[in-house]
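[1] how would this look folded up:
(chains A and B)
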Amino acid sequence: MPLIKMFNIATPEKDSVRQAAYKVAQAQGLPTRHNEDWHYTELPTLLRDAKPTQILSPIDFASVNPYCIVFRDGVFRDGVKNIEASEGDEAAFHITPYAPQPLPEKATAINAYNMAHAQDGLCLRVINTPSRPLEVKTLGDTSHHIRHHIVLEAGVEMTLIKTCAASGAHNIWWDIELGQGARLNIISHHYGSVAVETQTITLAKDATLHSTDFIMAGDVVRHESHIHLSGVGAHAYLHNAILGTGNNHHDMRCVAHHHAAHTSSTINAHNVLDDTARGIFQGKVIVARDAQHVDATQNIRAMMLSDEAEMDTKPELEIYADDVACAHGATIGALDDDALFFLQARGVDKKTAKRLLIAAFIEQVVATIAAEPQRVLVQNYISSLIAETSSA
Amino acid sequence: MSLIEIKDLHVNVNGEPILRGINLVIKGGEVHAIMGPNGSGKSTLSYVLAGRDGYEITKGSIAFMGQDIAALPPEARAHLGMFLAFQYPIEVAGITNMTLLKTSYDALRKARGEEAMNSAQFLRLVREKAAALQMNDDMLKRQLNVGFSGGEKKRNEILQMVVLEPRFAILDETDSGLDIDALQIVAEGVNAMRSPERAMLVITHYQRLLDFIRPDYVHVLVAGQLVESGDAALALKLEAEGYAAYQNV
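    As a prediction, the model looks like this:
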């Protein structure tokens, strides 16, 4: 069955919320390259051609003992008891059953399709700071949509690990809200064969988001983030990495919407492309008229390991305020010959030296993970991934 | 026995002849200095000895401890005990000083058929050597040469040398970018390495470095050839008279 079918399923006639969403979706259709936001990813064609394949085993975070919630094939499978029985953290989480909600105005087609078809998702309020990270795993081998909604109440701090390792095609939607002074660390890692993931994260006054997003593997992965800095003093640190090999198509889009004054955002992307892989990174900073004293930087870098690999980057600024500091840059290069020779002259064989330099390039994203145990797990995983997949 | 023996070495870079018949024999325990004007081929000599790509040997030979090394990749030369202190030390974000040192040290041990050293033991060894070069733990933890001053980078090269303990070290303009205090620290580090089994080739523009690292022999490199050799006094003469006399020949 072509994967595109996952978007064109009839919705139950009695379910007016889903019906309405499906109408919005069908009116727009799946995004094509004519949609500027999808300029480099012709989703209908990619969906038509892609076939679900075997995927890599993801990073195993068990050693950091997270609360783990598992969704398999789009439905909740395991983990809530684990949260509810959590010693010392009883009052941290409040989970409600999933229910579709009316779409916001100007919803995108991906949002509408997701609302129309998602059968389940995590609806979670985090009331107190939990003592352990929360991991949400997406697994399964059939096509599915999932929709999560997480609210961090004022002052709450949490680490969210998003493990997307379903071999079936999936469309995941996240709405995340950070209350005043809340702090959220996200480690997201993708392996999915065909995956579309969108997250909208809204930050109230003085809230801080620190997000590291990795596309480790996957035939077609589109990862889109909209960060809304809605309260004064909100800060977002967004570090991203694409590791494309084979015929992978990895598309990241990261938009920082500054709605309030004295907000800051950092968008960094380090992308490595080998073989005939294609990487895309579109970064955008939007500063509203009243959002003065915004500090926003974008830095997109790519390391090309093959002549046939492709990287498309597009850093954009859309600024309506007049007293802001916004910087953006993009560089694309190959492995540094000087550094390679230096490592060899220090006794490191060429193959190992290349792997070290690739890992060092990605390390600049990994190093931003503040918690050492999590960081070390990511570091070790990436080192062995490079050793396995690098044609070097 | 000679550590390194260079015979009639001709080297092209991008098809252009740069070295045009170098002959040089360096024995254990000796320190040789090569001086010469800009563009005379000093760095080409250091790169071709270390095995960098793009330096084509068109004639002649390089032997290290009796073995022809011309076809060996840089890492194999390092495994034999060669070391190049870079004129322009490389910055690598994402690799810390400590990681670089440990990776190199283990690679050399592995090539000798030895086990990797345990990390705690290695850290003690590095700290001791770093202290002698007035480098603190903070510098060891930092990313390789990122944000280092010119002098710190050069000290870092010498730290790598004293940790890796090569048989033959080439110091390519290690004095450039160093103030007089840093120069003294670096020279002390180098002098502490001098031993009957070890040799060094010091490449420099200026005689000043040779006040601190006393060479046994000084050679003048002009237009790809060693045009004169002598003892340390030759360096003083060059300092006073410059290279004009050689270039007009």
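
[2] The residue of the stretch 101-250 of chain A found nearest chain B: neighbour count?
    In the stretch 101-250 of chain A, no residue comes nearer to chain B than A:Ala241, which is 11.6 Å away by CB to the nearest CB. All C-beta atoms are positioned from the backbone trio N, CA, C, and that covers glycine. Neighbour count of A:Ala241, defined by other CB atoms under 10 Å in any protein chain shown: 27.

[3] How many neighbouring residues does the closest residue to it other than its chain neighbours have?
    Distances taken as CB to CB, 6 or more residues apart in numbering or on different chains place A:Val365 nearest to A:Ala241, at 4.4 Å, with adjacent residues excluded. Counted with other CB under 10 Å, the neighbours of A:Val365 add up to 23.

[4] Please identify the helix or strand for A:Val365.
    Element membership of A:Val365, judged by DSSP states H and E, is helix A:350-366.

[5] Residues contacting that helix, please?
    For helix A:350-366, the external contacting residues (CB atoms under 8 Å, 6 or more residues apart in numbering or on different chains) are A:212, A:214, A:239-241, A:243, A:268-270, A:272, A:301, A:303, A:305, A:335-336, A:339-340, A:343-344, A:348, A:375, A:378-379, A:382-383, A:386-387, A:390, A:392, B:73, B:75, B:92-95, B:103, B:107.

[6] All the strands of chain B, in order from the start?
    B:2-13, B:16-27, B:31-35, B:55-64, B:67-68, B:82-85, B:92-96, B:143-144, B:168-172, B:199-204, B:217-222, B:225-230 (DSSP state E).

[7] Can you mark which positions in stretch A:11-27 are buried?
    Neighbour counts over stretch A:11-27 (16 or more other CB atoms under 10 Å in any protein chain shown) mark A:Thr11, A:Arg18, A:Ala20, A:Ala21, A:Tyr22, A:Val24, A:Ala25 as buried.

[8] do the same with stretch B:231-246
    Across stretch B:231-246, burial judged by 16+ other CB under 10 Å covers B:Ala232, B:Leu234, B:Ala235, B:Leu238, B:Tyr243, B:Tyr246.

[9] Kindly indicate which of these lies nearest chain A.
    Using CB to the nearest CB, B:Ala235 comes nearest to chain A of those, at 26.8 Å.

[10] my guess is that closest one meets B:Tyr217, correct?
    No - if you go by CB atoms under 8 Å, B:Ala235 and B:Tyr217 don't touch, sitting 10.1 Å apart.

[11] hey, what's in contact with both of these two?
    Residues touching both B:Ala235 and B:Tyr217 (CB under 8 Å, 6+ apart): B:Ala33.

[12] Following element in sequence after the lowest-mean-pLDDT helix or strand in chain A, please.
    Least confident helix or strand, chain A: helix A:80-84 with a mean of 68, by mean pLDDT, DSSP states H and E. Following helix A:80-84 in sequence order, the next helix or strand is strand A:93-96 (DSSP H and E).

[13] Show residues contacting that next one.
    A:Tyr67, A:Val80, A:Ile83, A:Glu84, A:Ser86, A:Leu122, A:Cys123, A:Leu124, A:Arg125, A:Val126, A:Ile127, A:Pro130.

[14] Tell me the predicted confidence for the first one.
    According to the model's per-residue confidence, A:Tyr67 sits at a pLDDT of 92.

[15] and it, what is it in contact with?
    When the contact criterion is CB under 8 Å, 6+ apart, the partners of A:Tyr67 are A:Gly79, A:Asn82, A:Ile83, A:Ser86, A:Asp89, A:Phe93, A:Pro130, A:Arg132, A:Pro133, A:Leu134, A:Glu135.

[16] Of all the residues in chain B, which one is nearest chain A?
    Closest point on chain B to chain A, by CB to the nearest CB, is B:Gly94, at 3.0 Å.

[17] Now that residue: closest residue in space that isn't a chain neighbour?
    Distance criterion CB to CB, 6+ apart; nearest residue to B:Gly94, sequence neighbours excluded, is A:Ala360 at 3.0 Å.

[18] Repeat that for A:Phe214.
    In space, and not counting its chain neighbours, A:Phe214 is closest to A:His189: 4.6 Å by CB to CB, 6+ apart.

[19] Any figure for the gap between that neighbour and B:Leu101?
    Computed with CB to CB, to the nearest Å, the distance linking A:His189 and B:Leu101 is 30 Å.

[20] Would you agree A:Ala309 is in contact with A:His250?
    No - judged on CB under 8 Å, A:Ala309 makes no contact with A:His250 at a distance of 11.0 Å.

[21] shaky segments in the stretch 251-392 of chain A?
    By pLDDT under 70, the low-scoring segments of the stretch 251-392 of chain A are A:390-392.

[22] and it, which residues reach chain B?
    Within the stretch 251-392 of chain A, the positions near chain B by CB under 8 Å from any CB of the partner chain are A:336-339, A:341-350, A:352-353, A:356-357, A:359-364, A:367.

[23] Now a ChimeraX select for only the buried ones of the residues you listed.
    Burial among these is assessed by 16+ other CB under 10 Å; the matching ChimeraX selection reads:
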select /A:336,339,341,342,343,344,345,346,347,348,349,352,353,356,357,359,360,361,362,363,364,367
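
[24] quick check, A:Thr41 in a helix?
    No - judged by DSSP: H, G, I helix; E, B strand; the rest coil, A:Thr41 forms no part of a helix; its state is coil.

[25] and residue 202, how many neighbours?
    Picked chain A for this. Neighbour count for A:Thr202, taken as other CB under 10 Å: 21.

[26] Let me rephrase: I mean chain B.
    Number of residues near B:Val202 (other CB under 10 Å) recorded here: 23.

[27] ok, now A:Ser131?
    Going by other CB under 10 Å, the residues that sit close to A:Ser131 add up to 12.

[28] Touching, it and A:Glu90? I think so.
    No - judged on CB under 8 Å, A:Ser131 makes no contact with A:Glu90 at a distance of 11.1 Å.

[29] circling back to that earlier point, so the residue nearest to A:Phe214 touches A:Ile59, yeah?
    Yes - contact criterion CB under 8 Å: A:His189 and A:Ile59 qualify, at 5.9 Å.

[30] any common contacting residues for the two?
    The contact lists of A:His189 and A:Ile59 share A:Thr163, A:Val378, where a contact means CB under 8 Å, 6+ apart.

[31] dump the residue contacts of the residue lying closest to B:Gln247 once chain neighbours are set aside.
    Spatial nearest neighbour of B:Gln247, chain neighbours left out: B:Val222 (6.1 Å); criterion: CB to CB, 6+ apart. Counting by CB under 8 Å, 6+ apart, B:Val222 touches B:Gly36, B:Pro37, B:Ser40, B:Tyr243, B:Tyr246, B:Gln247.

[32] B:Val222 bridge partners, please.
    B:Gln225 (DSSP bridges).

[33] follow-up on the earlier one: which residues do A:Ala309 and A:His250 both contact?
    Here A:Ala309 and A:His250 have A:Gly244, A:Ala277, A:Arg278, A:Gly279 as joint contacts, going by CB under 8 Å, 6+ apart.

[34] now, among the residues you listed, which is nearest to B:Val163?
    A:Gly244 (36.7 Å; CB to CB).

[35] Count the neighbours of that closest one for me.
    A:Gly244: 30 surrounding residues under other CB under 10 Å.

[36] which residues touch the residue nearest to it when sequence neighbours are not counted?
    Using CB to CB, 6+ apart and skipping the chain neighbours, the partner closest in space to A:Gly244 is A:Ala277 (3.2 Å). A:Ala277 sits next to A:Gly244, A:Thr245, A:Gly246, A:Asn247, A:Asn248, A:His249, A:His250, A:Ser306, A:Ala309, A:Glu310 when contact means CB under 8 Å, 6+ apart.

[37] All set, thanks.
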